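Student: need a structure here:
(2 chains)
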There are 2 protein chains.
Amino acid sequence: MAISNIRYGEGVTKEIGMDLRNLGARRVCLMTDKNLSQLPPVNAVLNSLAKYGINFQMYDNVRVEPTDQSFLDAIKFAKKAEFDAYVAVGGGSVIDTCKAANLYASSPTSDFLDYVNAPIGKGKPVTVPLKPLIAVPTTAGTGSETTGVAIFDFKQLKVKTGIASRAIKPTLGIIDPLHTLSMPERIVANSGFDVLCHALESYTALPYNMRSPCPSNPINRPAYQGSNPISDVWALHALRIVAKYLKRAIRNPEDREARANMHLASAFAGIGFGNAGVHLCHGMSYPISGLVKTYKPKDYNVDHSLVPHGLSVVLTSPAVFTFTAQIHPERHLEAAEILGADIRTARIKDAGFILADTLRKFLFDLNVDDGLAAIGYSKADIPALVKGTLPQERVTKLSPRPQTEEDLSALFEASMKLY
Amino acid sequence: MAISNIRYGEGVTKEIGMDLRNLGARRVCLMTDKNLSQLPPVNAVLNSLAKYGINFQMYDNVRVEPTDQSFLDAIKFAKKAEFDAYVAVGGGSVIDTCKAANLYASSPTSDFLDYVNAPIGKGKPVTVPLKPLIAVPTTAGTGSETTGVAIFDFKQLKVKTGIASRAIKPTLGIIDPLHTLSMPERIVANSGFDVLCHALESYTALPYNMRSPCPSNPINRPAYQGSNPISDVWALHALRIVAKYLKRAIRNPEDREARANMHLASAFAGIGFGNAGVHLCHGMSYPISGLVKTYKPKDYNVDHSLVPHGLSVVLTSPAVFTFTAQIHPERHLEAAEILGADIRTARIKDAGFILADTLRKFLFDLNVDDGLAAIGYSKADIPALVKGTLPQERVTKLSPRPQTEEDLSALFEASMKLY
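Tutor: I've put the predicted structure just below:
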């Protein structure tokens, strides 16, 4: 497995100009979004670029929860100039958009679908060399600074899909917890739920040696290769941090220890799931986000309806882990214990229920919307949600338990109300 | 921090020919030692190279516990042909020799001392591009497949020193536990002690944000940067595996679960110490090995006197951790607990003694020689041992507690007898 380069510490963003100079960069593409472009994380980067005399152009038009159209817009920007390095300052949306821009600008004759995951796209392996990309995450959730994945909404199909290749993994992730201090409450919560599910899903994913088909040439192995002894270390470690710090980080923006630890946990969980993969919570989340009707979450300053990624992922988690627990019940029970359940008298066959109850309590304490119904879905939407999940094979096939369309229907139905 | 690419699994060595083909290698330098050249790990590599038609030349003259002369011999071999990739099959000696060969063949006009650690050498940063190196470890100790370090005996100074740069880190480590099944008992034990000390030293090393001087440009930061939240994860995880599996792996060559886990622990501890560094056990081990008189360890088929690296490291560990515990007593106590101590009623000020006693018991159970006296040293040798430790600043300055020459004398003296 390939792991990432990260640098951690309060204020380390100020070194980015030196890093770019060390890389010999002469024309840098700086990507961010409109909100962030006025905020301290981008200012810190701009100051460092100025100090070290780094020539750059800024693209601040990244869409929160990007689409194929918004990716193409960023790609067009990247193609116009001959950039020799990229810097992404933002959450997963910004970092993912920047990965796509770097990829397609480095492979200018490729069609957009060439690298998009099969079966939606062609899923071609990336063989062109990319430019260095430094990612500066400003949320504590995506772990995108450590992964080779870029996710977007494919508008015409109304599903989320993505590009997955080790080649698009950032060269360096700069984990500067100062950037998390300006995050509003619900963004801390929703991005933290993404960390929670990255950890739980990668720890319970199909083991790496049970995946099939198993490509005979290592170069053809997927980025998501199933749970393995290394991703397990990261998943459990991230889960312990979530258990200890997520509530504190949400409730108190001044709790620097909690916010710094969640910022690290995001990267740790990213290293884990970036190798092991995720499964049903993520696979089912893509249509939940993609089919959004009118939901506008608190604390997100955007002009379109939106189900935040972390929220779309966590709402199905009680149902999903009830469903998957029969395969690795001991791992489900261990996760429940880490999240605070008393398992001393628990029976192994109840592992799924125990983890689900623990998750429900965790979400209730954090004022999470009461299931898919609370964000605008009803039973009538289930066929469309299932249809949107089917193409997410890349992740759904990493579920430890195979699932039929009926299973998916039942999982969506069980997720309509949580409490 | 930079982490490594590793691939793990029984039999994965057979893929190495494909990896080299994927890298476009046309002329490979295969390095190993005379013993191994007849054994299954090298055979597995040769079979794969033949299957995929990879052209190679073999150098099997690596010295166990290499010297400047043996490094130079390997470098000469590497310079003669224009190799475009390297494969190292062996323990730390082989992998380290191969790193040096790759480095100096890629930088043909450099003087040998240019890259050797200061103050013995010039410690220049490596700026030349190296060829890909695939490391196939056959012991479970060094972790060299994951680090940017190459250690050798500098004969004229009678000290061990090395080369440390991220640039010489292997491109890929192939962790195939099948290779550990042919390891004799004492090689399992001594290489396991190296893992134990990598974990303990990196977990107790000076924290990364207390190191000085702190180079302002990230490119000048040392490979060994002090303990940090990421290396801590690896160190603790490796220590838990050592506690659970080392005795089993030593006592029963058929215990595949134990040997496989120790093989992984070696890589895990390597990732940890390769970033955090080691301190006094390693710093003091170099003269213990370098000044060897007539000691010939069981199970090592060599024609020269030799203190195996892992043994030279572990013999001072009770004294060292008694000395360092006053700085991070809670970490020392935590380590003792992982290694089996009952700390429920322990006082924090006794942390060092408790860890030292735990280590002594661990070593006694494993029939380890009773201290430096048992491998041929006496009180009269202490000044020379101290003198040999002084140039090891690269690691000794990572000790959480600074040390005088008198302190070092006392540590060697306390290590003469263990039980």
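
Student: Give me the packing partners of the helix or strand bottoming out on mean pLDDT in chain A, helices and strands only.
Tutor: Ranking every helix and strand in chain A by mean pLDDT, DSSP states H and E puts strand A:159-164 at the bottom, with a mean of 86. Secondary-structure packing of strand A:159-164 (3 or more Cβ pairs under 8 Å, 6 or more residues apart in numbering or on different chains; DSSP states H and E): helix A:92-105, strand A:149-154, helix A:280-290. (Glycine included, C-beta is placed from N, CA and C.)

Student: what's the angle between it and helix A:92-105?
Tutor: Interaxial angle of strand A:159-164 relative to helix A:92-105 (axes from the mean of the first three to the mean of the last three Cα atoms, to 10 degrees): 60 degrees.

Student: So what's the gap between strand A:159-164 and the chain middle?
Tutor: Put simply, strand A:159-164 sits 11 Å off its chain's centre (Cα atoms, centre = their mean, to the nearest Å).

Student: which other residues reach the helix or strand following that strand?
Tutor: Once strand A:159-164 ends, the next helix or strand along the chain (criterion: DSSP states H and E) is strand A:172-175. Strand A:172-175 is touched from outside by A:4-9, A:12-13, A:15-16, A:19, A:132, A:134-137, A:145-146, A:263-264, A:267, with contacts defined as Cβ atoms under 8 Å, 6 or more residues apart in numbering or on different chains.

Student: any idea whether the most far-flung residue of chain A relative to its centre is helix, strand or coil?
Tutor: Centroid-distance maximum for chain A: A:Thr345 at 34.9 Å, with Cα atoms, centre = their mean. Secondary structure of A:Thr345, reduced to three states by DSSP: H, G, I helix; E, B strand; the rest coil: coil.

Student: Could I get the pLDDT score of it?
Tutor: A:Thr345 carries a pLDDT score of 94 in this model.

Student: just the strands in chain A please.
Tutor: According to DSSP state E, chain A carries its strands in the segments A:6-8, A:28-31, A:56-59, A:85-90, A:133-137, A:149-154, A:159-164, A:172-175.

Student: Summarise which helices and strands the second one is packed against.
Tutor: Which is strand A:28-31. helix A:40-51, strand A:56-59, helix A:68-80, strand A:85-90, helix A:92-105.

Student: Return the list of helices and strands in contact with the first one.
Tutor: Packed against helix A:40-51 by the contact rule (3+ Cβ pairs under 8 Å, 6+ apart) you find helix A:16-22, strand A:28-31, strand A:85-90.

Student: 7 Å instead, please
Tutor: Applying 3 or more Cβ pairs under 7 Å, 6 or more residues apart in numbering or on different chains; DSSP states H and E, one finds that helix A:40-51 contacts helix A:16-22, strand A:85-90.

Student: Turn the ones you listed into CSV, including distance to chain B and mean pLDDT.
Tutor: What follows is those, written out as CSV (distance: least, Cβ to the nearest Cβ, whole Å; pLDDT from 0 to 100):
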stretch, distance to chain B, mean pLDDT
helix A:16-22, 5, 94
strand A:85-90, 15, 97
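
Student: Name the stretch among those that sits most buried.
Tutor: Comparing the helices and strands packed on helix A:40-51 by mean neighbour count (mean count of other Cβ atoms under 10 Å in any protein chain shown), strand A:85-90 comes out on top with a mean of 29.

Student: Tell me which of the helices and strands packed on helix A:40-51 sits nearest to B:Gly92.
Tutor: Of all the helices and strands packed on helix A:40-51, helix A:16-22 sits nearest to B:Gly92, with 30.0 Å by Cβ to Cβ.

Student: Tell me the spacing between A:Arg331 and B:Val395.
Tutor: Counting by Cβ to Cβ, to the nearest Å, the gap from A:Arg331 to B:Val395 is 38 Å.

Student: So which of these two has more stuff around it?
Tutor: B:Val395 (26 against 23; other Cβ atoms under 10 Å in any protein chain shown).
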